[in-house]
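Asks: Sequence plus predicted model, see below.
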Amino acid sequence: MAYIPKSKLNIKTTNGKEFRSVRTKKAYVGKYMQLSNGKLLIGSNPLNPGGELEPLSPPSNNLGFSADVRLHQNLKPEVSLQLGKVKDIPFAKNTPTEDDYTNGYFIRYFVKKANQNTFYKEVSKEVYDSLIKKKSEYDVNLYQPGQIKWAIRGNVRNVNKSLLLKTEKRYPNISLLYPKLDEFNRAETINNQFARQGELYYRDEPGREYVGSYHIHPTKGPMVGAFHRNTSHDRLIFAEDLVRRNNEVQPTQPTSTSTLPEGFIDISNTPYADTPTPSAPSTPTTPSAPSAPSTPSAPSGGGGGGY
């Protein structure tokens, strides 16, 4: 082997728990040379280097087996060994208790990858606590723990939307993790609410915006009026639900000429589950023969047109 300049290597000592000989596969104890390219060689004499060393244990699935991983493992064996022991972050769906329903809210826990603004995972309180306390169980450098207060009673959609927007300042795109704003909401009529511009639209007239008092029925959703009543009153639809429904249903007929807010399409001609199924059309009658056209009279001398 060619001479290795001292500027290209670093001489270290291993205790036999880190590396083994590539040739003999036996654990190695003693001095070794770490080259600038990550390669490890037995001994301390650059004029007469020994055989090559490799990590005693292969990298775990947490790190992978790429060339970059192997290079990092050789350059930073202590860090690599520690990362090889950490566990994957398990997913967990936080659910409310009866006491939570009494309080009207509960706490949900999540993690965010430190190097990504779109990677989030909901986790248990145990995982959250482990990361907060910086235990070695999980990679505390890669995952940032977080929590959010989640409303489960009352007008939960507006409350949770506001809470998510507030949390977005510290955790960008956290709303991607919680798209269903009324998740875990217990069915009950919510009275005396007020819709501002851009919040609600008439369910049967999606191009028509509704601003004013409304209530939320447990099965029919938002409806016109501050309180529910037995007489007929219009059903409404939240703006985000309208957009979601538009993305799921493709209209089969030309849309109406009504003016819609940006990002909306007219779905007034699209059937839905709560719309009665139209009866079969009656058999058309045979049209009678057209009568002979009458002879047009001569035009008067006034201004023409008007057709």
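Replies: Great, that's in hand.

Asks: from what I can see Val140 touches Lys134, true?
Replies: Yes - using C-beta atoms under 8 Å, Val140 and Lys134 qualify as a contacting pair, with a distance of 4.8 Å. Glycine gets a C-beta too; all of them are placed from N, C-alpha and C.

Asks: Which one of these two is surrounded by more residues?
Replies: Val140 (17 against 10; other C-beta atoms under 10 Å).

Asks: That one belongs to a strand?
Replies: No - counting by DSSP: H, G, I helix; E, B strand; the rest coil, Val140 is not part of a strand but coil.

Asks: contacting residues around it?
Replies: Residues near Val140 by C-beta atoms under 8 Å, 6 or more residues apart in numbering: 131, 134.

Asks: And it, what's its pLDDT?
Replies: Note for Val140: predicted pLDDT of 89.

Asks: what's the answer for Thr231, then?
Replies: 89.

Asks: now the helices: where do they sit in this protein?
Replies: 67-75, 77-85, 98-103, 125-132, 156-168, 239-248 (DSSP state H).

Asks: Now the longest one: buried residues?
Replies: Within helix 156-168, the residues that qualify as buried are 156-161, 163-164, 167, counting by 16 or more other C-beta atoms under 10 Å.

Asks: From what I see, Ile107 and Gln147 are in contact.
Replies: Yes - contact criterion C-beta under 8 Å: Ile107 and Gln147 qualify, at 5.4 Å.

Asks: Count the residues that sit near Asn246.
Replies: Asn246 has 18 nearby residues by other C-beta under 10 Å.

Asks: Count the neighbours of Lys26 for me.
Replies: A count of nearby residues for Lys26, using other C-beta under 10 Å, gives 10.

Asks: That one touches Arg20, doesn't it?
Replies: Yes - counting by C-beta under 8 Å, Lys26 touches Arg20, with 5.8 Å between them.

Asks: Can you list the residue ranges for strands in the chain?
Replies: 9-21, 27-35, 40-42, 52-55, 105-113, 120-123, 143-151, 190-202, 205-217, 221-224, 236-238 (DSSP state E).

Asks: can you list the ones you listed in a markdown table and add mean neighbour count?
Replies: Below are the strands of the chain laid out as a markdown table (neighbours: other C-beta atoms under 10 Å):
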| stretch | mean neighbour count |
| --- | --- |
| strand 9-21 | 15 |
| strand 27-35 | 17 |
| strand 40-42 | 21 |
| strand 52-55 | 18 |
| strand 105-113 | 19 |
| strand 120-123 | 20 |
| strand 143-151 | 18 |
| strand 190-202 | 16 |
| strand 205-217 | 18 |
| strand 221-224 | 19 |
| strand 236-238 | 22 |
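
Asks: Could you list the domains of the chain?
Replies: Listed by automatic domain parsing, the domain ranges of the chain are 6-85, 98-176, 187-273.

Asks: Distance to Phe91 added to the ones you listed, as a markdown table?
Replies: Below are the domains of the chain laid out as a markdown table (distance: least, C-beta to C-beta, whole Å):
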| stretch | distance to Phe91 |
| --- | --- |
| domain 6-85 | 16 |
| domain 98-176 | 6 |
| domain 187-273 | 23 |
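
Asks: among the ones you listed, which is nearest Ala92?
Replies: Between Ala92 and the domains of the chain, the tightest spacing by C-beta to C-beta is seen for domain 98-176, at 3.9 Å.

Asks: among the domains of the chain, which gets the worst mean confidence?
Replies: Among these, domain 6-85 scores lowest, with a mean of 72.

Asks: Dump stretch 13-22 to CSV, keeping only the CA atoms.
Replies: The C-alpha trace of stretch 13-22 is given here as CSV (Å, rounded to 0.1, in the frame of the first residue of the first chain):
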residue,chain,number,x,y,z
THR,A,13,-7.7,3.7,19.7
THR,A,14,-10.7,1.3,19.9
ASN,A,15,-11.7,-0.9,22.8
GLY,A,16,-12.9,-3.9,20.8
LYS,A,17,-16.6,-3.0,20.9
GLU,A,18,-16.6,-0.9,17.7
PHE,A,19,-14.8,-2.5,14.8
ARG,A,20,-13.7,-5.8,13.4
SER,A,21,-11.2,-6.8,10.7
VAL,A,22,-12.7,-7.0,7.2
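
Asks: what comes into contact with it?
Replies: So stretch 13-22 is contacted by 26-32, 40, 42, 51-56, 77, 81 (C-beta under 8 Å, 6+ apart).
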